[in-house]
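Participant: just coords:
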DNA sequence: AGAATAATTTTGTTGAACAAAATATGTCAA
DNA sequence: TTGACATATTTTGTTCAACAAAATTATTCT
């Protein structure tokens, strides 16, 4: 595996886990030394993260961890509505394997919640929504949505009380999943739309506060 | 403007114009010298193009101009259907400015066709479809769709007889646009779906041949 | 305190270098 | 001749040291 991708993966983990908070400058010399790579390969990694939208780069000012403003959060949910609702509408054409993956993700979410693993709840819940999009069967949309979920996690990480953020969403994931698997596409879509509206509102509120 | 981005833009132009055909290896030393930059900054540019999907990179084998296989073309149209049809459905909420941009793009397409500028027809037609997606009002979807149109142009460029490819699509763009502006969303959506189906079939056929 | 000026840091970029993998070339035996 | 093997040669992956240019910080002077 190329060093640049390895470094990018490492930085991505630290950004999404909240270890590198939004706005933090990523100093090339220091971080390259810390990750034991040259400044040049580190810069290649920065290009990758920049293309993913996880960092913001300015000429002669370097890179900082991207911060999720309110318009960006709203954009995020606009994208999610566009892709996830379309996926629910078209779920009649989904393969059984793709639908099984959707159910599997919800199961993992419930398991994480039962174990009190709030970060796991967020991860697996987003995996559920990713599996939803995956029922469309488009690799391009899958990688795009993967980037969307990354930015969603970035928004989560910027909120202090992550446990509170993730609570009480699991049953709604389950409801959407069950409606979908039962073939009630209109009901599933309506539930999903309400879910996304509520989630957006809560995240905007919490982000304003901090 | 950073050198890496400038180089990436230059390579992007040459790839999308067909000057650098799919499969062509991008040799670092030679091209960096040609563009008068160091190999390191050239590699940064390659990372950018790789993230856009315009080149394919393999460890120790370097980068080659991406080639559009049949599954990739089908994926492209799956994405286009997902975004463009959603845009038409939601066009009731579009701003007047966004709708005006849609009409403007079709006008430019017609002008290019009247002038016999086939490349211009392709460019402006894709701009029309991009304007369609832009009515959703999502910056993220806009940049994503910009990448989609880039790959679409890549597929066009790989076809020998580009003039034949672009002919006779302009009236259908116009039809979709008029139905949309008149508020006949269902009819516009149906026309758009037929358009995308036909375009996909033709492109797959022509790509098989070459 | 505030503005002008001088250090210092940081980024942008280059060029040379070298190991490692891939590719091309040449050699030899069946 | 052909196929397999060993040997160059090329190309990529990566590092390091350097320097100009812009930004940031410190300092001086009023």
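Facilitator: Here it is on my side, so go on. Everything numeric in this text was worked out from a predicted model, so none of it was measured.

Participant: tell me the SS of residue A:137?
Facilitator: What DSSP: H, G, I helix; E, B strand; the rest coil gives for residue A:137 is coil.

Participant: Relative to residue B:37, how far out is it?
Facilitator: Distance of residue A:137 to residue B:37, computed by Cβ to Cβ, to the nearest Å: 40 Å. C-beta coordinates here come from the backbone N, C-alpha and C atoms, glycine included.

Participant: and what of residue A:3?
Facilitator: Counting by Cβ to Cβ - residue A:3 and residue B:37 are separated by 21 Å.

Participant: swap in residue A:139?
Facilitator: For residue A:139 relative to residue B:37 (Cβ to Cβ), the value is 32 Å.

Participant: These two: which is more packed in?
Facilitator: Regarding residue A:139 and residue B:37, a neighbour count based on other Cβ atoms under 10 Å in any protein chain shown identifies residue B:37 as having more, with 19 against 13.

Participant: Which secondary structure state does that one sit in?
Facilitator: Assigned state for residue B:37: coil (three-state reduction, three-state DSSP).

Participant: Go ahead and confirm it touches residue B:7.
Facilitator: Yes: using Cβ atoms under 8 Å, residue B:37 is in contact with residue B:7, at 5.7 Å.

Participant: For the two, list the residues in contact with both.
Facilitator: Listed as contacting both residue B:37 and residue B:7 by Cβ atoms under 8 Å, 6 or more residues apart in numbering or on different chains are residue B:45.

Participant: middle-most residue in chain A, spatially?
Facilitator: Taking Cα atoms, centre = their mean, the centroid of chain A lies closest to residue A:149, which sits 1.7 Å from it.

Participant: list the helices and strands the helix or strand harbouring that one packs on?
Facilitator: Applying DSSP states H and E as the criterion places residue A:149 in helix A:139-157. Packing partners of helix A:139-157 (3 or more Cβ pairs under 8 Å, 6 or more residues apart in numbering or on different chains; DSSP states H and E): helix A:3-16, helix A:70-80, helix A:118-134, helix A:162-166, helix A:185-209, helix B:70-80, helix B:139-157.

Participant: again, 6 Å this time
Facilitator: Applying 3 or more Cβ pairs under 6 Å, 6 or more residues apart in numbering or on different chains; DSSP states H and E, one finds that helix A:139-157 contacts helix A:70-80, helix A:118-134, helix B:70-80.

Participant: separation between the residue lying closest to the residue nearest to the centre of chain A once chain neighbours are set aside and residue A:184?
Facilitator: Closest residue in space to residue A:149, ignoring its immediate chain neighbours: residue A:126 at 4.4 Å, by Cβ to Cβ, 6 or more residues apart in numbering or on different chains. Residue A:126 sits 23 Å away from residue A:184, taking Cβ to Cβ as the criterion.

Participant: ok, the two, which is more surrounded?
Facilitator: More crowded of residue A:126 and residue A:184, by other Cβ under 10 Å: residue A:126, with 21 against 14.

Participant: pLDDT weak spots in chain A?
Facilitator: Applying pLDDT under 70 to chain A flags residues A:160, A:162-163, A:210.

Participant: and it, which residues reach DNA strand C?
Facilitator: By the rule Cβ under 7 Å from any atom of the strand, the part of chain A lying against DNA strand C is A:25-29, A:39-40, A:43, A:57-63.

Participant: switch to 6 Å and redo it
Facilitator: A:25, A:27-29, A:39-40, A:43, A:59-60, A:62 (Cβ under 6 Å from any atom of the strand).

Participant: Roughly how far does the residue nearest to residue A:149 sit from chain B?
Facilitator: For residue A:126, the distance to chain B equals 16 Å [Cβ to the nearest Cβ, to the nearest Å].

Participant: Any figure for the gap between that residue and DNA strand D?
Facilitator: Counting by Cβ to the nearest atom of the strand, to the nearest Å, the separation of residue A:126 from DNA strand D is 30 Å.

Participant: ok, that residue to residue A:71 distance?
Facilitator: Applying Cβ to Cβ to residue A:126 and residue A:71 gives a distance of 21 Å.

Participant: Which residues are in contact with the one residue in chain A that gets nearest to chain B?
Facilitator: Nearest residue of chain A to chain B (Cβ to the nearest Cβ) works out as residue A:51 at 3.5 Å. Counting by Cβ atoms under 6 Å, 6 or more residues apart in numbering or on different chains, residue A:51 touches residue B:51.

Participant: still on that earlier bit, comparing the helices and strands packed on helix A:139-157, which comes out most buried?
Facilitator: Across the helices and strands packed on helix A:139-157, averaging neighbours per residue (mean count of other Cβ atoms under 10 Å in any protein chain shown) puts helix A:118-134 on top, at a mean of 22.

Participant: Can you tell me what sits against it?
Facilitator: With Cβ under 6 Å, 6+ apart as the test, helix A:118-134 has contacts from A:83-84, A:87, A:98, A:101-102, A:105-106, A:108-109, A:112-113, A:141-142, A:145, A:149, A:156, A:162-163, A:166, A:173.
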